[in-house]
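K.L.:
for reference, the sequence and a predicted model appear below.
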Number of protein chains: 4
Amino acid sequence: MLKIGLLGAGRIAGVHATAISAHAGSTLVAVSDYFPENAQKLAAEYGAEARTTDEIIADSSIDAVLIATSTDTHSDLIEAATAAGKAVLCEKPVDLSLERARTCLANSAPTGQPVMIGFNRRFDPNFGAMKAALDAGEIGKAELLSITSFDPAPPPISYVKVSGGLFRDMMIHDFDMANFMMGEAPVSVMATASCVVDPEIGAAGDVDTAVVTLTYADGRIAVIKNSRRAVYGYDQRVELLGSEGLLQAQNMLENTVVKSTTNGVTGAKPTYFFLERYMPAYAAEWSSFVDALTNGADIPVTLSDGIDALAMAEAATQSAKTGMPVKLGDV
Amino acid sequence: MLKIGLLGAGRIAGVHATAISAHAGSTLVAVSDYFPENAQKLAAEYGAEARTTDEIIADSSIDAVLIATSTDTHSDLIEAATAAGKAVLCEKPVDLSLERARTCLANSAPTGQPVMIGFNRRFDPNFGAMKAALDAGEIGKAELLSITSFDPAPPPISYVKVSGGLFRDMMIHDFDMANFMMGEAPVSVMATASCVVDPEIGAAGDVDTAVVTLTYADGRIAVIKNSRRAVYGYDQRVELLGSEGLLQAQNMLENTVVKSTTNGVTGAKPTYFFLERYMPAYAAEWSSFVDALTNGADIPVTLSDGIDALAMAEAATQSAKTGMPVKLGDV
Amino acid sequence: MLKIGLLGAGRIAGVHATAISAHAGSTLVAVSDYFPENAQKLAAEYGAEARTTDEIIADSSIDAVLIATSTDTHSDLIEAATAAGKAVLCEKPVDLSLERARTCLANSAPTGQPVMIGFNRRFDPNFGAMKAALDAGEIGKAELLSITSFDPAPPPISYVKVSGGLFRDMMIHDFDMANFMMGEAPVSVMATASCVVDPEIGAAGDVDTAVVTLTYADGRIAVIKNSRRAVYGYDQRVELLGSEGLLQAQNMLENTVVKSTTNGVTGAKPTYFFLERYMPAYAAEWSSFVDALTNGADIPVTLSDGIDALAMAEAATQSAKTGMPVKLGDV
Amino acid sequence: MLKIGLLGAGRIAGVHATAISAHAGSTLVAVSDYFPENAQKLAAEYGAEARTTDEIIADSSIDAVLIATSTDTHSDLIEAATAAGKAVLCEKPVDLSLERARTCLANSAPTGQPVMIGFNRRFDPNFGAMKAALDAGEIGKAELLSITSFDPAPPPISYVKVSGGLFRDMMIHDFDMANFMMGEAPVSVMATASCVVDPEIGAAGDVDTAVVTLTYADGRIAVIKNSRRAVYGYDQRVELLGSEGLLQAQNMLENTVVKSTTNGVTGAKPTYFFLERYMPAYAAEWSSFVDALTNGADIPVTLSDGIDALAMAEAATQSAKTGMPVKLGDV
């Protein structure tokens, strides 16, 4: 039974706490947070202890930590935890600074401790079934990938200001999805972005609508579309054209009821947001981490994977500013 | 080039006139109608001549007639046309009287002239593809058939009064569809029917909502649902459970546009009514008739098939009245 | 916190144990089973105690029991538990004997203890959304209900022999669904049934394929289709035609991936069987029971509801044998 | 009744001949072709006369010509026909040379004769319904457009060599669709393209897979995906995210039959290619041209529209070569 320390006690930490507790191979023993009362509340809910982050990292009986703190603390905590002999599952992104993330890798790799990055979408059963079909050769060789990823509504402007921008905060998930589906990182990134949803997002220096084209060494192409607003819900679709067919992972819907009236034939909306859509994915993500630690399975999303996605976000940010494509090797 | 006489100049006659004219192997030479001005109008539109029904039947240069007159004249016209050496395609139903239809078969069969009954739905490309998949063994052996057949709105009460009732007028199409899919007529018919759409239909002695269960000699079962009103359009679906799978022929929609808003995900309604849905079927029906006459292909829907469907309508009418199942051999 | 005793430790009892434990308002304290080792195993898994059924019923600290034993014990246990001052949630069917079920109601009602019957499908989110739309008037007045309910594969013949037959064992769920959607029990039941899936089922005196038509006092009609075998999975669909539209609750699918190749456009199969499809429904069912006990909400499915469904199963069994409709008032 | 001369007698000319003949307001009087025997064959089929192109243009009794000859003759024929006082419907593209197309506009505009370009997809009922919903404000303000346009199989290499390249030959349809949906031309074009389907296409100097991003003056973005090969059929989808929802025009399918087996749930493929998918669009296109000539309606797709699309193809061709975005004002 793995003993787990949870760093952070916010909303996503709560999701992880549920997954940790529900898994037969792990138990949540301690929770920390910047606001101790938050740690106490969450710890109480799961029969764990509220402690400081330092205490958790120093406790040699704790096997692994799950880092769900604010992004600017991720690299430091990864380094501290691995140095203390702990395995790590860290929420995305690794860091807002690509350089810092690379240093973090350089510093943590020698410890030999496994570090996994929380790209939860790889564990969505729909995208997983799509990847399995691709790997089984069901559509031949991949040629053209398309990812649609729209949020139901923009985050608060206060969040936008500290988010690192749409590419590092939101599209980073899609960069990782592209790497997951295509099996490697691209060579070049071209971003087109604008602010058409809410002028305040533009005033905060960010964009709310973006299209990014990725080119791969062998000529394959991927395109990612992001919008901060899709009023009908969380729109999360992936499609991949191959030499022998097309795979599409479509949205999950709130229910299967269809109503036909004089107004047309109406079905339910997509599940509302990431908590609704990806709850099973968080559980599967945790399960794969436990498997890696206990059964010697590979870490399915490594710190390097996290850095690849971050580099793509960096390249896209530059490309959107200059209006020119950016080679991934140049960031 | 087959020379065709068209008996009747109403709405459905117009549909047939188009099919006859568009076919490379047939030409419309004459049209008759109870109201000569209707015949003149339709004939003019297609470069044909308006004549009396007697003249058309007596004209030995005419190879075949299409009977699209009122139902009470069908049997007489089939007998007269076949006696005059003409092939016949007659609109459904053969007759409202099962006895008269049987006499008609007895009288016309000895002429050796082909008589086809216009069950257009057999020629719908969707139902055709479904039957082809069944015949190819794609779902194994048929076990349970279900037919949904709803009109968008009830006909005028004046029509209801002379229609012969829902079973002979409307469900007769579905009886023929059941025979087409199951490959034979059932042994027993049980009808449950009521008037829940419009009390005036009940006052006219008819029903507007009905469920009929058919049992076959080998234990297979079919169920047909009819309603005179589906406000969203013409609902025409067939599904068949077999030992190795399920086949469903779904509705055709007005277009493929889907709209997602805060209200849900809305697509187009089914095509409005039989003219919209079955226009290609009428052309294919005519084409199969021409093929039978010119290439020696089999008549795909015979006068006997028409009588089978009529017998089922008769049995269902009795069953709905008595509340008891009726053996097809007893009508 | 309600203290719950679980009578029975088979597969469905395990599902209930999960729901009881996961609910914040209830705790599983004791489990019994005909085979004590089964009770011990399940109890251990949920931190409960393995005891005898008598002990559980006699324990005044236990607030409610969930009865998941074999059907022939249901009535006795309902009577014993209610007499001991316990609320009851009992798996369907109440009993195989309609007479015994009625006695059970007569004996248990005077205790005033709430008795709920486990018709889990009422708590499926899809059927629930459909009922809510109906109750909100979104399709006007209900007219024609159609329920499709196919199992993926027949049960073992040994189970068939003690099941009480398809109508009491399988279609009883659909009878309750019809009552749920239509808001009342029908006046008449007409069953058509046969054995086309597996002759051994027929040899065991049962049927494997059935269509039942229900008629309501006001002319509304419902039709239920059952098959013991749908090789593509658990097919659970409900559709309801109303005066202003149609509602359809469609199947839930294993995932949302669609593959387009030269063979066509292929999506996932329905979720395999009732555990996959109805797991959320079991949790919601339990939640509604807890609500009823703690917040004074109504019991959503009463013992009377269970007797209504059983009476319909009895009527259908008779009807299938005689080939004649059976009035519900006559059973 | 408009008298029409058809220039060209190839496959697409045959499609237009059908539309011209079927329309009540137009009649096909003459056909010409580079190979006179082709003109004779097509003319005979429709009761028209085979003549030379010069004769048709010189014949003052002919009201309009439909130009369906090879692309390199379009500009000359538009100029000659308009100079001779004839209205023109010309197949796309106007020309492979943007400069020549602009001269053609300069030369033909002063004649005042209407010139329409045959972008048939604007007349597809699905895209038409989508545009109507957009114009009706059903999804608020357009923000992000996405066009998927895949051919079922690459054309012969001999055709690729003279086609002007994927952007001028194939994506030009999608450029016009973008302009149609967005209501104006973009300011900038960025193309990413490669050859992953067939190396011979690359050897011929062309690409077979491409993604083009269009940016509009107000920040809106469009993305177009093209592939020369989608083995499952002609994939023609458009989707548009707006401030209040999403519109999607999905593929038309060969039929509505769905088969569920142990292998999954399989539906029909998209209609195979442009003749199957867009046949109704060609008829509607012709009808709108006749309306413009006879009722004074606006020409729905002008020569300027054709030049806009050609300029976008030119810009995309340059962009794909340089790897840099190209401003539409610079080509």
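P.N.:
Thanks, I have it.
K.L.:
touching chain C at all, stretch A:3-19?
P.N.:
No: Stretch A:3-19 lies apart from chain C when judged by Cβ under 8 Å from any Cβ of the partner chain; the minimum separation is 10.7 Å. (Each C-beta comes from the backbone N, C-alpha and C, glycine too.)
K.L.:
so which bits of that stretch are buried?
P.N.:
A:4-10, A:12-19 (16 or more other Cβ atoms under 10 Å in any protein chain shown).
K.L.:
what distance separates the start and the end of it?
P.N.:
Start-to-end span of stretch A:3-19 (Cα to Cα, to the nearest Å) is 13 Å.
K.L.:
and the longest helix anywhere in chain A, what's its mean pLDDT?
P.N.:
Criterion DSSP state H: the longest helix present in chain A is helix A:274-295. The average pLDDT within helix A:274-295 is 94.
K.L.:
which strands or helices does that helix pack on?
P.N.:
Here helix A:274-295 touches strand A:2-7, helix A:11-22, strand A:87-91, strand A:115-118, helix A:125-135, going by 3 or more Cβ pairs under 8 Å, 6 or more residues apart in numbering or on different chains; DSSP states H and E.
K.L.:
before we move on, the earlier item: going by distance to chain D, which of the buried residues of stretch A:3-19 wins?
P.N.:
Nearest to chain D among the buried residues of stretch A:3-19 is A:Ile12, at 26.5 Å by Cβ to the nearest Cβ.
K.L.:
quick check: the closest one vs A:Ser70, distance?
P.N.:
11 Å (Cβ to Cβ, to the nearest Å).
K.L.:
repeat that for A:Gly112.
P.N.:
Distance from A:Gly112 to A:Ser70, by Cβ to Cβ: 27 Å.
K.L.:
cool, A:Ala30 as well?
P.N.:
Counting by Cβ to Cβ - A:Ala30 and A:Ser70 are separated by 19 Å.
K.L.:
more crowded one of these two?
P.N.:
Legend: neighbour count by other Cβ atoms under 10 Å in any protein chain shown for A:Ala30 and A:Ser70, higher for A:Ala30 (23 against 11).
K.L.:
hmm, that one is touching A:Ser61, no?
P.N.:
No: between A:Ala30 and A:Ser61 there is no contact under Cβ atoms under 8 Å: 9.8 Å.
K.L.:
ok, how many other residues are close to A:Arg122?
P.N.:
Neighbour number of A:Arg122 under other Cβ under 10 Å is 23.
K.L.:
mind checking pLDDT for it?
P.N.:
Value for A:Arg122, per-residue pLDDT: 97.
K.L.:
pull up the pairing partners for the helix or strand harbouring A:Val212, direction included.
P.N.:
Here A:Val212 is covered by strand A:209-215, with elements defined by DSSP states H and E. Applying DSSP bridges to the sheet, strand A:209-215 is found paired with strand A:188-194 (antiparallel), strand A:221-227 (antiparallel).
K.L.:
tell me how far it is from the chain's mean position?
P.N.:
18 Å (Cα atoms, centre = their mean, to the nearest Å).
K.L.:
contacting residues around it?
P.N.:
Strand A:209-215 is contacted from outside by A:166-167, A:171, A:174, A:178, A:182, A:186-197, A:221-228, A:312, A:316, A:319-320, D:143-144, D:190, D:192, D:194, D:211, D:213, D:219, D:221, D:223, using Cβ atoms under 8 Å, 6 or more residues apart in numbering or on different chains.
K.L.:
of the residues you listed, buried ones?
P.N.:
Among the contacts of strand A:209-215, those classed as buried by 16+ other Cβ under 10 Å are A:166-167, A:171, A:174, A:178, A:182, A:186, A:188-197, A:221-228, A:312, A:316, A:319-320, D:143-144, D:190, D:192, D:194, D:211, D:213, D:219, D:221, D:223.
K.L.:
where do the helices sit along the stretch 51-200 of chain A?
P.N.:
A:53-58, A:74-83, A:98-108, A:125-135, A:157-162, A:166-169, A:171-182, A:199-203 (DSSP state H, counting those that start in this stretch).
K.L.:
out of the ones you listed, nearest to C:Tyr234?
P.N.:
Nearest to C:Tyr234, of all the helices of the stretch 51-200 of chain A, is helix A:125-135, at 17.6 Å by Cβ to Cβ.
K.L.:
buried sites along that closest one?
P.N.:
By neighbour count on 16+ other Cβ under 10 Å, the buried set for helix A:125-135 is A:Pro125, A:Asn126, A:Phe127, A:Gly128, A:Ala129, A:Met130, A:Lys131, A:Ala133, A:Leu134.
K.L.:
so A:Ala44 is in which element?
P.N.:
Assigned by DSSP H and E, A:Ala44 belongs to helix A:36-45.
K.L.:
which residues does that helix contact?
P.N.:
Applying Cβ under 8 Å, 6+ apart, the external contacts of helix A:36-45 come out as A:6, A:9-10, A:13-14, A:17, A:28, A:30-33, A:48-52.
K.L.:
that helix to strand A:2-7, inter-axis angle?
P.N.:
Angle, helix A:36-45 to strand A:2-7, by axes from the mean of the first three to the mean of the last three Cα atoms, to 10 degrees: 150 degrees.
K.L.:
helix A:36-45 versus helix A:11-22: what angle between them?
P.N.:
If you take the same axes, to 10 degrees, helix A:36-45 sits at 30 degrees to helix A:11-22.
K.L.:
following helix A:36-45, which helix or strand shows up next?
P.N.:
strand A:49-50.
K.L.:
check the offset of that following strand from the chain's centre.
P.N.:
Here strand A:49-50 is found 27 Å from its chain centre; the criterion is Cα atoms, centre = their mean.
K.L.:
just checking: what are the partner strands of that strand?
P.N.:
Next to strand A:49-50 in the sheet, as set by DSSP bridges, lie strand A:26-32 (parallel).
K.L.:
sorry, back to before: how about the helices of the stretch 51-200 of chain A in a markdown table, adding mean pLDDT and distance to A:Ala24?
P.N.:
Shown next, in a markdown table, are the helices of the stretch 51-200 of chain A (pLDDT from 0 to 100; distance: least, Cβ to Cβ, whole Å):
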| stretch | mean pLDDT | distance to A:Ala24 |
| --- | --- | --- |
| helix A:53-58 | 98 | 22 |
| helix A:74-83 | 98 | 24 |
| helix A:98-108 | 98 | 28 |
| helix A:125-135 | 98 | 20 |
| helix A:157-162 | 96 | 36 |
| helix A:166-169 | 97 | 34 |
| helix A:171-182 | 98 | 27 |
| helix A:199-203 | 97 | 44 |
